[in-house]
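Undergrad: A structural model of the following input is requested.
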Amino acid sequence: MIRGFFQGTEMPDADWWHALFADPAHVLMVAGLVPGMSTVDLCAGDGWFTLPMARIASHVVAVDIDPVLLDQARLRLADAGLTNCAFKVADAFDLPKQIAGPVDFVFLANAFHGVPAQTKLSRIVAAVLAPAGRFAILNWHRRPREETTVLGQPRGPKSELRMTPEMVSSVVEPSGLKLLYVAGVPPYHYASVFEKVPP
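TA: Modelled structure (predicted):
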């Protein structure tokens, strides 16, 4: 385990990524990504969402603490001929050091439940967002793990780590981000989308 990994997070193999999120571009659009945005894929892993993000956004910074996974993401985008993405091996809490200026959209998938200081991370994200920038958190619904099966096996974080949308809002909104909406992402996820509010 690499120091800095969030509790209860792991990178699944491609088969069950596809089973959960067969259309990652659609998930991103549901979460508020629009063409032309400058973006961050935070805890990007092997780039399952980074690739479609780069096809939609003007620029992407993919941040992950695992250099092996980030190399897989880099290869995924290179194979697709995309050159508008920078790759940063870094802890999520060091995000401000990894980007040159404010961004429009920060996306965090399947990791927020394990963040040890969720409001702190939200404040860090808020600090790098442009005015009216968005922070989209893709989370597992708070259902027993044995009920969230993928390819016939229980998947996702331990039941006790899972968060309701209300729990997410309660730790994010003190950072100066306002909940815009919560969107369902079948079969087992939802996206909580927050917007940076003026000081």
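Undergrad: Okay, now the sheet partners of the top strand by length along the chain, with direction.
TA: Ranked by number of residues, the top strand in the chain under DSSP state E is strand 129-140. Counting by DSSP bridges, the strands paired with strand 129-140 are strand 103-109 (parallel), strand 189-196 (antiparallel).
Undergrad: What segments of this structure are strands?
TA: 38-42, 59-64, 85-89, 103-109, 129-140, 149-150, 153-154, 177-185, 189-196.
Undergrad: mind giving me JSON lines with these and columns for mean neighbour count, distance to Pro165 and mean pLDDT?
TA: Any C-beta I mention is one placed from the backbone N, CA and C, and that applies to glycine too. Listed next are the strands of the chain as JSON lines, based on neighbours: other C-beta atoms under 10 Å; distance: least, C-beta to C-beta, whole Å; pLDDT from 0 to 100:
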{"stretch": "strand 38-42", "mean neighbour count": "26", "distance to Pro165": "19", "mean pLDDT": "98"}
{"stretch": "strand 59-64", "mean neighbour count": "26", "distance to Pro165": "24", "mean pLDDT": "97"}
{"stretch": "strand 85-89", "mean neighbour count": "18", "distance to Pro165": "29", "mean pLDDT": "97"}
{"stretch": "strand 103-109", "mean neighbour count": "25", "distance to Pro165": "14", "mean pLDDT": "97"}
{"stretch": "strand 129-140", "mean neighbour count": "21", "distance to Pro165": "8", "mean pLDDT": "97"}
{"stretch": "strand 149-150", "mean neighbour count": "16", "distance to Pro165": "21", "mean pLDDT": "88"}
{"stretch": "strand 153-154", "mean neighbour count": "10", "distance to Pro165": "22", "mean pLDDT": "88"}
{"stretch": "strand 177-185", "mean neighbour count": "16", "distance to Pro165": "5", "mean pLDDT": "97"}
{"stretch": "strand 189-196", "mean neighbour count": "22", "distance to Pro165": "5", "mean pLDDT": "98"}
